[in-house]
Structures are given as C-alpha cells and as structure tokens.
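[1] starting from these lines, generate the structure:
(2 chains)
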Amino acid sequence: QKEVEQNSGPLSVPEGAIASLNCTYSDRGSQSFFWYRQYSGKSPELIMSIYSNGDKEDGRFTAQLNKASQYVSLLIRDSQPSDSATYLCAVINSNYKLTFGKGTLLTMNP
Amino acid sequence: DAGITQSPRHKVTETGTPVTLRCHQTENHRYMYWYRQDPGHGLRLIHYSYGVKDTDKGEVSDGYSVSRSKTEDFLLTLESATSSQTSVYFCAIAAGTGLVAYGYTFGSGTRLTVV
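    Next up, the predicted model:
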C-alpha cells in the first residue's frame, strides 16, 4: 500500500465552483499534513499545513483532517484559472520523513 | 526561491560520467533534502541531512551519494550516471529541532538528462 494516495485526475471544475481534492495516508503515526501546489515546470509551493483534526481556512483554501479515517482534503472555493495546477499531498510520518502523494492535476472549465 | 539556490538548472551528461548537483541555502536551516520527480512516481526522497556531516538515505538512494560539509551546502553526486537517473531534482530545506522538521521550502530544480 502506498504511503500517501491521491487520485491522479485530471479533475476538471467550472470556474467559480468549489474544487475538492482528497488524500489518504497509511501511517497512523503521521503528525503533520501539507498541501503543495505545483505549476508545470515549477517547484512545489506550500499552500496549506494542518496538524490537528478539523478544518483550517486560509483565504479561498480550506484544509480538512480526519486522523481516525486517515484522510486529508483540500477545498478551493471560487476556483480561478490560476488554480490550474497539480496539487501534492504530503505527510510527515512516524519516521519524521516528508512523503508525497503523486499529485492531482486540477483544471478549470471556462 | 528565496533562500535556496540549486545549480546547475539544466545539465546534459553522458552515461557513466560523474555528476554533482549543488544546493545552497542562506536560511541556516538544519534540514536539507534531495528529491527526484518523475512522471507517474511523484516526488521521491533520495537523501537528506539533519546537520553538518549528518546524512541518511531516502527511498531511492541507490546510485547516489551526498555530502554536507557546511550548513549552507548540500551536494548530490551521481557516481556513474545512468539513463534511469534522467529526472528533475529538487532540493528542499526545513527548519526544526530534534527529529521534527517543518516549513519545507523547495528550490527551483535541476533538470538532468543522461544520454
């Protein structure tokens, strides 16, 4: 079983809609959870971090964590063309290593 | 990217030659990492360092070695490059204490092609 799993997509959403990105992880001892955004040909950029169960909001982004279900999600409200990118879920596991999922490609429908 | 520089940005090399990639930081962060990114595999950890001369292997370390003689520099060496090492290589830095690192920041990447 992969340590961090994401749907590879592409996920296509209409502009202005809510994009929902999901991630599951296998190590129950994982402590910290991150969402990175990566534009084509660029390096990953940290957009959200979450450490405890519940929701964390930052502007149009909301991260949700459910440790019992080993599930992390990212909601993007009012999706814009600039949100088109690959979104990487990353987890610091019980061995203190940052492990990435393969990423979900998000595209906008005009 | 602020505080972290990778060099070179692009390199083409021949099979069997040694190659060294450099990561330089100005943040004085304790942790430094080398990842490779390939289609279908995502980002995979090669080696990391938790201090000067303190390094450890990641999940895809075969064929790679690293050195960290100064806090600011972390070198990745391909001893004898193979075509399977054609990839984009990212360096990352993180602050932290003990075994806990946080605030990972990535460099701009090095695109390496082995022909």
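
[2] so is the helix-or-strand element of chain A with minimal mean pLDDT next to chain B?
    Among the helical and strand segments of chain A, the one scoring lowest on mean pLDDT, DSSP states H and E is strand A:98-100, with a mean of 89. Yes. Among the residues of strand A:98-100, A:Leu98, A:Thr99, A:Phe100 lie within reach of chain B under C-beta under 8 Å from any C-beta of the partner chain. Every residue, glycine included, has its C-beta placed from N, CA and C.

[3] and which of the residues you listed is nearest chain B?
    Distance to chain B across those (C-beta to the nearest C-beta) is lowest for A:Phe100, with 4.2 Å.

[4] from A:Gln64, how far out is the closest residue to that closest one other than its chain neighbours?
    Setting aside the residues directly before and after it, A:Phe100 is nearest to B:Leu43 in space (C-beta to C-beta, 6 or more residues apart in numbering or on different chains), at 4.2 Å. Distance of B:Leu43 to A:Gln64, given as C-beta to C-beta, to the nearest Å: 22 Å.

[5] so which of these two has more stuff around it?
    Remark: of B:Leu43 and A:Gln64, B:Leu43 carries more neighbours, 24 against 18, as counted by other C-beta atoms under 10 Å in any protein chain shown.

[6] ok, residue 102 - contacts?
    Since you didn't name a chain, this refers to chain A. For A:Lys102, the contacting residues are A:Gln6, A:Ser8, B:Gly40, B:His41, B:Gly42, by C-beta atoms under 8 Å, 6 or more residues apart in numbering or on different chains.

[7] my question was about chain B, not that one.
    Applying C-beta under 8 Å, 6+ apart to B:Tyr102 gives the contacts A:Ser32, A:Ser49, B:Ala94, B:Ala95, B:Gly96.

[8] show the buried residues in these.
    By neighbour count, with 16 or more other C-beta atoms under 10 Å in any protein chain shown, these hold A:Ser32, A:Ser49, B:Ala94 as buried.

[9] so which of those are in strands?
    Mapping those onto strands (DSSP state E) picks out A:Ser32, A:Ser49, B:Ala94.

[10] name the nearest of these relative to A:Lys56.
    Closest approach to A:Lys56 among those (C-beta to C-beta): A:Ser49, at 8.0 Å.

[11] which strand or helix spans A:Ala90?
    Per DSSP states H and E: A:Ala90 is located in strand A:85-92.

[12] sorry, back to before: which of the contacts of A:Lys102 scores worst on pLDDT?
    Least confident entry in those, by pLDDT: A:Ser8, with 79.

[13] if I pick that residue, what's in contact with it?
    A:Lys102, A:Gly103, A:Thr104, A:Leu105.

[14] assign a three-state SS to the last one, would you?
    Three-state secondary structure (criterion: DSSP: H, G, I helix; E, B strand; the rest coil) places A:Leu105 in strand.

[15] count of residues packed around it?
    The burial count for A:Leu105: 16, using other C-beta under 10 Å.

[16] with A:Ala85 instead?
    A:Ala85: 20 surrounding residues under other C-beta under 10 Å.

[17] ok, A:Gly41 next?
    A count of nearby residues for A:Gly41, using other C-beta under 10 Å, gives 9.
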